[in-house]
Each structure stands twice: as C-alpha cells, then as structure tokens.
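*Asks:* How does the following fold in three dimensions:
(chains A, B, C and D)
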4 protein chains.
Amino acid sequence: MQLAMVGLGRMGANIVRRLMRDGHDCVVFDVNQDAVAALVAEGATGATSIADLAAKLQKPRAVWLMIPAGLTGTVVDQVAEVLEPGDIIIDGGNSNYRDDVRRAKKLDDSGIHYVDVGTSGGVFGLERGYCLMVGGHDEAVAHLEPVLRTIAPGPGEVERTPGREGDYTTEEQGYLHCGPSGAGHFVKMVHNGIEYGIMAALAEGLNVLNNADAGLHQGEHSAEVAPLEEPEYYQFDIDTARVTELWRRGSVISSWLLDLTAAALSQNPTLDGLAGRVSDSGEGRWTVKAAVDTGVPVPVLAASLFERFASRGEDHFANQVLSAMRLQFGGHQELPAGDVLEAGQKKAESGRD
Amino acid sequence: MQLAMVGLGRMGANIVRRLMRDGHDCVVFDVNQDAVAALVAEGATGATSIADLAAKLQKPRAVWLMIPAGLTGTVVDQVAEVLEPGDIIIDGGNSNYRDDVRRAKKLDDSGIHYVDVGTSGGVFGLERGYCLMVGGHDEAVAHLEPVLRTIAPGPGEVERTPGREGDYTTEEQGYLHCGPSGAGHFVKMVHNGIEYGIMAALAEGLNVLNNADAGLHQGEHSAEVAPLEEPEYYQFDIDTARVTELWRRGSVISSWLLDLTAAALSQNPTLDGLAGRVSDSGEGRWTVKAAVDTGVPVPVLAASLFERFASRGEDHFANQVLSAMRLQFGGHQELPAGDVLEAGQKKAESGRD
Amino acid sequence: MQLAMVGLGRMGANIVRRLMRDGHDCVVFDVNQDAVAALVAEGATGATSIADLAAKLQKPRAVWLMIPAGLTGTVVDQVAEVLEPGDIIIDGGNSNYRDDVRRAKKLDDSGIHYVDVGTSGGVFGLERGYCLMVGGHDEAVAHLEPVLRTIAPGPGEVERTPGREGDYTTEEQGYLHCGPSGAGHFVKMVHNGIEYGIMAALAEGLNVLNNADAGLHQGEHSAEVAPLEEPEYYQFDIDTARVTELWRRGSVISSWLLDLTAAALSQNPTLDGLAGRVSDSGEGRWTVKAAVDTGVPVPVLAASLFERFASRGEDHFANQVLSAMRLQFGGHQELPAGDVLEAGQKKAESGRD
Amino acid sequence: MQLAMVGLGRMGANIVRRLMRDGHDCVVFDVNQDAVAALVAEGATGATSIADLAAKLQKPRAVWLMIPAGLTGTVVDQVAEVLEPGDIIIDGGNSNYRDDVRRAKKLDDSGIHYVDVGTSGGVFGLERGYCLMVGGHDEAVAHLEPVLRTIAPGPGEVERTPGREGDYTTEEQGYLHCGPSGAGHFVKMVHNGIEYGIMAALAEGLNVLNNADAGLHQGEHSAEVAPLEEPEYYQFDIDTARVTELWRRGSVISSWLLDLTAAALSQNPTLDGLAGRVSDSGEGRWTVKAAVDTGVPVPVLAASLFERFASRGEDHFANQVLSAMRLQFGGHQELPAGDVLEAGQKKAESGRD
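*Replies:* The predicted structure follows:
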C-alpha cells in the first residue's frame, strides 16, 4: 500500500527502506531536502512540502510522522490542515501518550483519524524489524495493517510460545493494536520503564562483580568508608566482559540488553572514556508518574530512574545536606572544601552515631 | 571422560543424561535408590554408597555433588573421606560462595581439589544446556573441561558478539573459569541477584499496564486512596498476555524471562490461582549483602528482594506502625480491627497531614 | 483583626478557637449549621450562607477556606462571586499547589487576592499552634500577618538555633511567606513527602527490631523462605514500646513522630487490631511527581510511598507475575491456589535459580 | 559508685566529666597520657596502664571502654587478663553486636561479665546526656545502674507520653536494658539505620525544594535531560534555611535532625564548600544486613545507605555500563571521553528507546 513518511532521520528513513523492500509505495518529506533526495534515489517519491505530500497521496491518505516528540504537536496540526475526513495521521515517535489522547480528541471533529505507534528496535530495526505498539480506532488501525506487518519483525526465528498454534496472531508478528488512541504509546512507555529497570539490574550486578576484589584494595578509602569486614571473601578479580558473554548462553538472564552489554564490554572491557552520566528520555519518568497516579508500587522502576538522575549529579544538594548534618553532630561550625575527609576521620575517631 | 554424580534430583539426573548422550561415562549415587535405578536403566553405572561410588571411579576421581545447599557441607565431608590427593569434588548446587572459600581451604591440606560450579538453566537445561560459572584451581578445572563443555549449551544459535572471531572461547560455549574457589558461586550469586531485578522490572511494568484502566474504576477504594486525578488518561484495558508476546519480537526488552512471562500469561491471562507469595532462595540476599560489604549501591537489586519479602507479609508490623502513627495524628486512642477504613475516612475529612 | 472561616471541621473550628482566644473577630460558615451554632456559642459571628458571610465582613475581606481539597475549587468560585477587588481568599486546606497556581491566575483579573496556606499540626494544633507555609502576593500576605501570627505556634519552648539573635523572624514564630501563589502548598507538599520518609524509616527499623528474635522461630516458614543462616545472632526479644520511649531522650532520632510512635506502642505494644493498610493523601504522590519532573532523585521518599501502596495490596498482580515466572522455571503448567507453598518446596529441592 | 574509663577521646572524657559532676569516682586510662592528665586535673584518678587501672579499682571492678570499634577486641582481651570473676567490662563504643555475642560467650568461662552499651548523643551529650541502649546479664546491668542513670539524660523536659504515670521507668530516664549481650548494640545499630533514613528523607525533600525553580532554568542541560514539561509549575525560589527553621515549630516532622539541618543552613545557606561525599559508619550497613538475614523489607533504610555509597562515586562503573548500553542502541562502536553529551544529543534526535 501507499504510506507517506514525514521525518527522515535514521528511524524514519529505515522504516521507509523496509517498506520499499517489501513492495510498498512511499512518499517522503523532510525539512532537510538532502534526506528526501537520498530516499528518492532508493525509489521513494519525494515531496517538497507537506501540501505537496498530501497532493501526491491517494485517499484515504496515511501520513506517518517520525519526528522529535517536541515538534510532533506542531506538525500534526500542519498535516491535519491539508488532510480530509477519513485520512490517517500516524505518530510513530516518542510522544507522551497523554498528547495522543488530547490530539485524537481534537481531531475527532475533523474526521481525521489519529493512530499512535510506539516503536522499539533502535538502529537494528532496519534488519530485525520494529516492535510496534499501536493505539487508535479499529477502522484506522485495520487500514494500516499491511504496512504494520512489513515494518514489524514478523514471527522470525523466535521460538513459539508453548500452547500457541495455528495462524500467527499479530503480536506474534511483532505488532499489536493495544487499544484506543494513546494505548500504543502507553504500552511503549511502560516498555521503556521496564527497560530502565533491566538495564539497572544488569549494571548494578556488574558493579558488584567489579568490586569482588575489594579485599585486595583495603584501606584505600579508609577515612570515608567503613573498613571491609571480611576481606578474605572479596578476593576475586572477575572479568566482566567474559562473564556477560557467558551469561548469553543458557542462563536465566539471557536477553538482548545482555547481548549489548557483552558487546560493549568486549570492545572496551574497562569502559574507559565513558563518563557515566546517563541520560533519560521521557518514558521512564512518565512510567513512574503513571504508577504514582494509579497507586501501583514500582520501587525498582523508580530506583532505576533515580540512579540516572544521580549519575548526572542531581543528588548533589541532598548529599551536601547530609554532610552538613554530620558536621553538626561533630560540632564543626564551618568546613572549607577539601576538609570533608578529615572531618569524617575525626568523627570516626570519636566514634559516634 | 568419567564423572560421578551424587544427587539425582531433576538437575543431577538431567546433567547425567546430557553427559551420557555425549558419550561420557557416569557413575551415580543418591540416597533414593529408585533414582539410581532409573539412570542405570539409561546406561549409567549405579553405586550403593559413597564408598562404593569411589571404588568404581578411576583416578583422579571427579565427583559432582548436585544436592540441596543445606546438605552440601556434610556430603563434601563424607566424600572427602573416601577420596585421595588429586581427586576432585565439584559442588554444582546453590552454595553460598563463602562456603566454597572455607571448604576449599579446609581441603587444601588433604590434596583434594574443590571446584564450585554455579549452574543456571532450570528445567530447560537438559535440552538447552546449562550455563556454568566455575571456581577453583587451574589444574582441577582444566581436568574437568570435557564434561563442562558437554554440560554447557555450546555456541548454539546465539548470534556471535560483533568483533569476536576465530575459535570459540569457553564463555562462548557456555562455561567459564571465573577465578579461585568461590568465584563460580559468586558469579552465579550475582546472576541471580540480577535475575531478581529483571523479574521485578517486568512484574512492576506489567502491574502498571494492568492498572491502565484505573480511570474506569474510580471511587472503588475511595476511603483509603487519594482519588485518581486525571481519570481520562487511565482508560486503557491492556491485554498483558498479548503485550508480552508482542515484546518478544524486536523490542529492546526481549529476554528469556520475558519468554517465560508470555508463556505464563498465555496459559493463564489473569494469573488466577496464584497467591503471589514470592519465595527467594539465598542468592538474592547474598548479593545485597556482598554489595553492602563492598560499598556498592544496588537500589534496584535490593528493592526487588524487599518486594519479595513484602509479598509474603513481612512488611506487616512496619505497616501497623505506620497506621498507628496516623491514628495518633488523628487523635484516636484505640481502634478495633476493621475500622481502619473508617478512620482513614475521618482523617480524609479533617484533611490533615 | 477580622477573619471569616468557611469549613468548620476539626481543623477549621480549632483555628477559629485559637483566633478568638487571642482576641480576633471571627465570622464562620459551614453547610452544617450545628457546627456554626457551636462556634457562635463560643463567641463567633455565624453566617447562614456565603453571601451572608460576605455581608458581615469589613473590607478588605479575608475568607479562609478549610475544606476537603476535592471541594475547594467549587467553593473558591462561590466565594469569589460575592467578593470585591482587594478582598482575599485563603485556602488553608490540602490543595495541590498546581491548583493554587491556576486559581491565582484566574482570579488575577478580578482583583481578588488568593493566598495558599499549607497547615501542619494535626489535632494538637489547637494547643501547639499550626505550622503555616504561605504563598501569595506580598500585599495580601502582609495584610494577614496578625492572624497568621496567632494561628502559628510562636517561638514557644523550641531552643533557638545557634547564631540567630535579635527579634524573632516569622519562621521562628511558625509562619513563613514562601513565595508566590502555590509556594505555600508546594512547601507543605514536600513537608509531607519528608514525613512519609521519616515514618517509613521508623517503621522499617522497628520491624527489624521486632524480628530480632528470628533465630528463636526458625523453620516456621521453611518452604517459602531461605533458612536463617546464623540464628545465634537473632535471639533478642526486643520491647519496641520501651525502646521508642528510650529513644525520645538524648538520641539522634528524637522527633515528634517518634513521640507519637512511643505513645501508640505504649497503648498497644503489639499493635493488635491494626490492619496495616496504610492510606496516603495526595502530597506524598505529588512530591514524587515533582521530583520526577525536575530530575531530582528521591529514592527514599518514593520507596516510602510505594510501601504504602503495597500495604494495600496494590503489588498483588506484580507478585503474581513473579510467582508465575518462577513456576515456569519449575516447569509447572498450572497451579491451583494453595499449592504455592508446595511448589516453592519442590523448587527448593531441585535447587535452581 | 566507681567506674573506670579506658579511652579518653571526646566521648569517653565527657562521660567521665558527666559522672564526676554527679559525684561518681572515676579512674581513667588512655594511651595518650595528656588526656589522662587533663581529667586528673578535673578530679579523676589517673592510671598509667591497664594493670595499674585494675589495681586502683574496688571489686567488683567496672571498666568502661570507649575506643574505636577496630581496637575494642584487643583491649577487651587485655582488660580481661587483669580482671577477676565478677568484674564487668562495658563496651560503650560502636561495636557490631555480633562481636558482643562472641565476646560475651568467650568471657563466660572466666566469670567476667560483658555489658554492651550503645550510646547516642554526639557532642551534645555532655550537657544533654547520652541515650543508652544496654545488653548483658541482669546482675551486671543492675550493678551499673547508678552510673547509667547519671550518664543518661534523665526525664528532662521531654513531655511525658500520655498514659504513663507514676515513677519514671529507666527508658524514661534515658537508659534501657534491652536484653542479653549484643542487645544494646543491636538496638543502637537499628537506631542508626533509622537515622540514615530520616537524614535521607530530609535531604531528598530539601533537594526537591531547591529545584522548585527548575522552570526558571530551562534548557541549561538540554542534551542530557528530558525537557521540563510544565515549567509554569516550577517557578519557586524557596529559601531552604528559612523553611527548615519554620518546620521546627508545630510541624509533624519536627525533630532533632531537623534542628541540626536548620542550624547548618542558617550558617551556610548554600552549603558552599561541602563536597557532598557522605561517609557511613558501620551501623547502617549492619542494619540492612540484619534485615536481609531475617527477611524484613527495608527499602527506605537500604536506599538511604546506597545514596551514601553513590555520593562517593561507588555507582560509577554501573553508570558506565548504562552509558555503554545506550551507546550500543545508538550504534556507536567507540566514544572518546567528553563525547557522551553529543552522543546523548544524537540519540535524542533520532528519538529512540
């Protein structure tokens, strides 16, 4: 079928490529006309503006937006202006599902359908396909099935879940209509919330392995840290690159994120050059807020988010407050920078609280 | 080569079967002689006692113990009594790595080698192979390589990590000599700690999905819970069985634990009949304690452990203390069981703290 | 000065009493006219409607609302209708500070001032005074100072902070103009977020004390729980009622919440009759959401909130998912209710993961 | 009565002073003879060695050790050598309660009593008195009551808990016999675990207040951080020094730790010069380990401990692992130091996961 793509960054461009490989007809637009030209060279139809794009599409038109979340609202409005009742706007970006709920309601009167598609797969998606979480009206989603099926990974080599038989369901092919507008990005949001938790579990565990030799380095931080009590049990020099590779085979925690970790450590076993300031996009935050709203306990997901905040130094004032309290215990009225250690030491000597 | 197996539960028996399939010679013992007989019928050599087992082995003997952690210490002693210098005892169970450190030291004088093997794979290990994390002296571990290679999954269909080439390393075949005695169980311990974290991330995320319809059930718990503020954003009836199946294809969180979750939800979408009292073996606890000892922050791993404790009601007294404090705010001196709700309501009305 | 009070629940009525004791003139209204009559008997001027209330006030009128947060928006609108430019509406309830920001902006055109007052103190406020966190325009807050000073505790017997001297600042008298509209409830919100964290710290610690005798009760939960490893270190039968009383004197954690805990345990040492289902009002949730919005790590505050959710069973589906995964490891396809224990046992025997 | 003090650091010396003020007779020893001389000048009897100390004491001798936990074991042995059956050794330092259990058992045969005293109060103890948590045999503890009563704060100005009447119990006087040997330090350990949690709750909350102006500083960290979604709600410039002072009066979270925080912020409102690397002594760690051993969920106490670890950079490798995974998503094979930001930016642009 025919699909228009607005936004030809890596994700948008690769989806277009995947569609064209499977025989779909793509009309493409980007403010960067070089990106348009590149895909035209690969067989796409180029557009010079959103209006031009609309003119080149058969009805009902289907326009997929693959643009940064901050711009999506504006572009949805621009596209809606040149569309007609029965046409479909698809937001395949990383929007907050709340924006979908609002946009779909706003578009309702115009008769234009709004479909939100949470898309997972990263740079591997061109080859592996993208996992698609879809929200919107039944009719609009049904119309899009041919392209969703192509963009998705398909059943692939994934072992079939015991008990499932017969024709593959859509979820077994890698796409799922999750519910009304917003449901797609809601499910994607939670997916990313889980992703943060899994990443944190792996990272924390590897940090424990990385410190399994603490008994060999005693006394290095003596003033700040309570001394290691049983150094004889922490004498292991574990090779985390080899261990993560090992765990990929037959272990309970084998996973794609472990594959990536093993690859990263294989290339750079000490992770030299990485500052460890960990970004977060919006989904992890939205997941925690949705959990708080609905009264669902998510200590692990929240902790994984807060670790990222702290990795960027956002815990600094809190830590200063803690140090300030401890200095009050110790009776020190003021303390120049650099003397914290010494103060810790004095406190350790006087042995209190 | 020849290997003795002591302990013929599912794990021990399946390892023996996997070894025999690959042409190894197994001598087996269990206090349950029916278990011995079953494997003898499949080609193993049976033993009627540990002494008998030792007598049937060529030197250097290799005796693999696959028994509950609580019994391992005793059986190690029993086996050590009938072995000779140069023989090897392998503990393939779920021992605390600290026991390995102690046992290896204790056996040192006798000249008997002690090798600890953390083994992951569950009931799928017979077919998939077991992921093996090994600790012990180089010489002893080297002697065991033929059986380790058979028990492990081998390279299998796992895609090779980019950058790795040439002969497969042992970790790519699913077994790894991680370090001296205890290192195998240390790595296995951390593996399980990570496992708890990943499981919790998935479970919490699915709980958020399961409550995405909170806006449709407002007011049901009005006295205890703050009212949902924006019910219009929680109107989704998500099918978690289909979503977990979906995520198996192309998503960032695809993993074996997700496969299991999808299978469980496919069989029982509402999880009816599960009490949700989640056990923990020792490894999750030991991981947190090792992290505390060495000063490594593991908020996610710890939170996943504490969730399990709480699932079994171990948070009850703490929660009673919280309720008691809240009643003090409210000025109530005593409260009969069942009136908590009403008290909450009264408090909500007076609107304080 | 003169102040009108709308809402004569315990908090509203006690504030009126505290004001009248100090010579202020109070005009009072409540939909419950019995509540009005009771305060009229103590010296207040009663009103039969909001319009009547407005008529009985000198300009600029000051109308304090002390009503459930869910009703505040409506009543603000009703009161605004009968007020005039220069008059002041005070919301002393538990509103979300975001509502203040919106309401103040909405009232701006009308020339009516809006002041938000976060109020802490509970049932002890009548005698101790209420801690007042105030947001709003300088002019309006300045006009209210006489009543704020009376409602607040004053310097009292609290030891003066070292370094402070001269006249008492307003914060030393128990009220503070924290910033523009919303700032009062923002500070109150964080206060309650901290309160949850402190309560949880106390409750968790007491739970540890309460289980200090675990070594005397071994084996009671054998199938579900890993056995206690060193029972000789958990032989203490700690009297938590006496310990909390003790900590009130000279310890670092002495606090009003500890006082309340000691009182609760003194009255009911075993906390019998408390179900331990812990409510939460909105502030703890809003604090976590504000922290997530602004990228501030709050693992402790969030954990204390999630513990409350879990105490009400909101972790149930997550725990079922965990049990379901564990059963998949164990190869069980289905499990009737009540068999979880046995399944745990089987797993323990086979000793895996 | 007569008491010997070994270890004349601030704590030991101040306890001696407090005892002498109340008419007790003190014999003192320290390896630093200047410290001995100083107290002799104030009325104490000096000793030149532990043997000399023993010789100067009446039977049954009572020798209080106030020395760093790392040295206590050795000194207990030295003191035990010069004592006789019926004499008492008191460890008032910060020992792990497990050491008490072991030491008491070891001394049992000799007939020497061992009493452990957890002591809280910091530098304020000389004037306020010290909160004393005591473990040991009934007889030995009873013998020490006169000195315990003096060292403790006494009922003081603390308001009596409702319902308590008649003679003050020992806990109301600030000392409590908590149970057999180890019980005192066990209770002290949990006290400090709670202390960490309360400190963290305050610090996190103040950090939220400190970022209440985030809406005024948008875009400053644009590449690393998701943009603030509703900046209009984060426009407050909160004065944390004034707020903490305010909360000391009438609020639910009034506490000694809040008093200290208010004092610290009053002296140094921005906390300039504090590095925010927060030490931990042993008790917070032991509390978490005891909770893990006994299956008690302590998410708040653990989180507060892990925040301290992270404040010292112990999360670094974990954060590097997270960054490394994220770079794998983005397809980058290597990344020189300093380019993390840019990589985050690229990822943000391509908008994935």
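*Asks:* residues from the stretch 201-350 of chain A in reach of chain C?
*Replies:* The interface of the stretch 201-350 of chain A toward chain C, taken as C-beta under 8 Å from any C-beta of the partner chain, is made up of A:252, A:285, A:288-289, A:292-293, A:295-299, A:302-303, A:305-307, A:309-310, A:312, A:314-315, A:318, A:329. (C-beta placed from N, C-alpha, C; glycine too.)
*Asks:* Could you turn the buried ones of those into a ChimeraX selection?
*Replies:* Entered in ChimeraX, the line below selects the buried ones among these, by 16 or more other C-beta atoms under 10 Å in any protein chain shown:
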select /A:252,285,288,289,292,293,295,296,297,298,299,302,303,305,306,307,309,310,312,314,315,318,329
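*Asks:* near chain B, which of the residues of the stretch 201-350 of chain A next to chain C show up?
*Replies:* Counting by C-beta under 8 Å from any C-beta, A:252, A:293, A:295-299, A:303, A:306-307 from those sit close to chain B.
*Asks:* mind putting these in a markdown table, secondary structure included?
*Replies:* As requested, these are exported to a markdown table (DSSP: H, G, I helix; E, B strand; the rest coil):
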| residue | secondary structure |
| --- | --- |
| A:252 | coil |
| A:293 | helix |
| A:295 | coil |
| A:296 | coil |
| A:297 | coil |
| A:298 | coil |
| A:299 | helix |
| A:303 | helix |
| A:306 | helix |
| A:307 | helix |
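*Asks:* residue ranges for the helices of the stretch 1-150 of chain A, please.
*Replies:* Per DSSP state H, counting those that start in this stretch, the stretch 1-150 of chain A carries helices over the ranges A:10-21, A:33-41, A:50-55, A:69-82, A:97-108, A:125-128, A:138-151.
*Asks:* Out of those helices, which gets nearest to residue C:103?
*Replies:* Checking the helices of the stretch 1-150 of chain A against residue C:103 by C-beta to C-beta gives helix A:97-108 as the closest, at 22.3 Å.
*Asks:* got the buried residues for that closest one?
*Replies:* A:97-104, A:107.
*Asks:* again with stretch A:178-190
*Replies:* Going by neighbour count (16+ other C-beta under 10 Å), the buried part of stretch A:178-190 is A:178-190.
*Asks:* if we take the residues you listed, which one ends up nearest to residue A:45?
*Replies:* Taking C-beta to C-beta as the measure, residue A:45 sits nearest to residue A:184 out of the buried residues of stretch A:178-190, at 26.7 Å.
*Asks:* Is that closest one in contact with residue A:134, as I believe?
*Replies:* Yes. Between residue A:184 and residue A:134 there is a contact under C-beta atoms under 8 Å: 4.5 Å.
*Asks:* Contact partners for residue A:46?
*Replies:* Going by C-beta atoms under 8 Å, 6 or more residues apart in numbering or on different chains, residue A:46 touches A:27-29, A:33, A:36-37, A:39-40.
*Asks:* Which of the residues you listed sits closest to chain C?
*Replies:* Of all the contacts of residue A:46, chain C sits closest to residue A:29, with 33.8 Å by C-beta to the nearest C-beta.
*Asks:* so the closest one sits right up against residue A:6, yeah?
*Replies:* Yes. Applying C-beta under 8 Å as the test, residue A:29 and residue A:6 come out as touching, 5.1 Å apart.
*Asks:* Please save the CA atoms from stretch A:136-146 in CSV.
*Replies:* What follows is stretch A:136-146 as a C-alpha-only set of coordinates in CSV (Å, rounded to 0.1, in the frame of the first residue of the first chain):
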residue,chain,number,x,y,z
GLY,A,136,-6.3,4.2,17.7
HIS,A,137,-9.8,3.4,16.2
ASP,A,138,-10.3,-0.1,14.9
GLU,A,139,-11.0,1.1,11.4
ALA,A,140,-7.9,3.2,11.0
VAL,A,141,-5.6,0.6,12.5
ALA,A,142,-7.1,-2.1,10.3
HIS,A,143,-6.4,0.1,7.3
LEU,A,144,-2.7,0.2,8.2
GLU,A,145,-2.2,-3.5,8.7
PRO,A,146,-0.3,-4.1,5.5
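*Asks:* which other residues reach it?
*Replies:* By C-beta under 8 Å, 6+ apart, the list of residues contacting stretch A:136-146 from outside reads A:1, A:24, A:60, A:62, A:88, A:90, A:104, A:113-116, A:134, A:148, A:170, A:177, A:180-181, A:184.
*Asks:* One more: stretch A:319-327?
*Replies:* Applying C-beta under 8 Å, 6+ apart, the contact partners of stretch A:319-327 are A:335, A:340, A:343-344, A:347, D:199-200, D:202-203, D:206-207, D:257, D:260-261, D:264-265, D:268, D:271, D:274-279, D:307-308, D:311.
*Asks:* 6 Å instead, please
*Replies:* Contact with stretch A:319-327 is made by A:335, D:199, D:203, D:206, D:260-261, D:264, D:271, D:274, D:276, D:278, D:311, as judged by C-beta atoms under 6 Å, 6 or more residues apart in numbering or on different chains.
*Asks:* swap in stretch A:94-113?
*Replies:* By C-beta under 6 Å, 6+ apart, stretch A:94-113 touches A:69, A:72, A:76, A:80, A:83, A:85, A:87-88, A:114, A:116, A:137, A:140, A:181-182, A:185-186, A:286, B:233, D:351.
*Asks:* In ChimeraX, select just the buried ones from those.
*Replies:* What follows is the ChimeraX syntax for the buried subset of the contacts of stretch A:94-113, where burial is set by 16+ other C-beta under 10 Å:
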select /A:69,72,76,80,83,87,88,114,116,137,140,181,182,185,186,286 /B:233 /D:351
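*Asks:* and the contacts of stretch A:94-113, which of them are in strands?
*Replies:* A:88, A:114, A:116 (DSSP state E).
*Asks:* Closest to chain B out of those?
*Replies:* Using C-beta to the nearest C-beta, residue A:116 comes nearest to chain B of the ones in strands among the contacts of stretch A:94-113, at 11.7 Å.
*Asks:* dump the residue contacts of the closest one.
*Replies:* Applying C-beta under 6 Å, 6+ apart to residue A:116 gives the contacts A:91, A:100, A:135, A:184-185.
*Asks:* ok, now how distant is it from residue C:232?
*Replies:* From residue A:116 over to residue C:232 the distance is 59 Å, taken as C-beta to C-beta, to the nearest Å.
*Asks:* Residue A:19 too?
*Replies:* Using C-beta to C-beta, residue A:19 is found at 68 Å from residue C:232.
*Asks:* returning to what we had before: residue A:29 and residue A:6: which has the busier surroundings?
*Replies:* Taking other C-beta atoms under 10 Å in any protein chain shown, residue A:29 and residue A:6 do not tie; residue A:29 has more neighbours (29 against 26).
*Asks:* Would you write a PyMOL line that selects the buried entries of the contacts of residue A:46?
*Replies:* Applying 16+ other C-beta under 10 Å to the contacts of residue A:46, the buried members can be selected in PyMOL as follows:
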select buried, chain A and resi 27+28+29+36+39
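*Asks:* Using JSON lines, lay out the contacts of residue A:46 together with pLDDT.
*Replies:* Listed next are those as JSON lines, based on pLDDT from 0 to 100:
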{"residue": "A:27", "pLDDT": "98"}
{"residue": "A:28", "pLDDT": "98"}
{"residue": "A:29", "pLDDT": "98"}
{"residue": "A:33", "pLDDT": "96"}
{"residue": "A:36", "pLDDT": "98"}
{"residue": "A:37", "pLDDT": "98"}
{"residue": "A:39", "pLDDT": "98"}
{"residue": "A:40", "pLDDT": "98"}
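*Asks:* List, out of the contacts of residue A:46, those positioned next to chain C.
*Replies:* Among the contacts of residue A:46, not one lies near chain C by C-beta under 6 Å from any C-beta of the partner chain.
*Asks:* returning to that earlier point: quick check on residue A:19 and residue C:232: which one has the bigger neighbour count.
*Replies:* Taking neighbours as other C-beta under 10 Å, residue A:19 and residue C:232 compare with residue A:19 leading, 22 against 12.
*Asks:* Get me the contact residues on the stretch 1-150 of chain A for chain B.
*Replies:* Within reach of chain B by C-beta under 6 Å from any C-beta, the stretch 1-150 of chain A has these residues: A:98, A:120-121, A:128-131.
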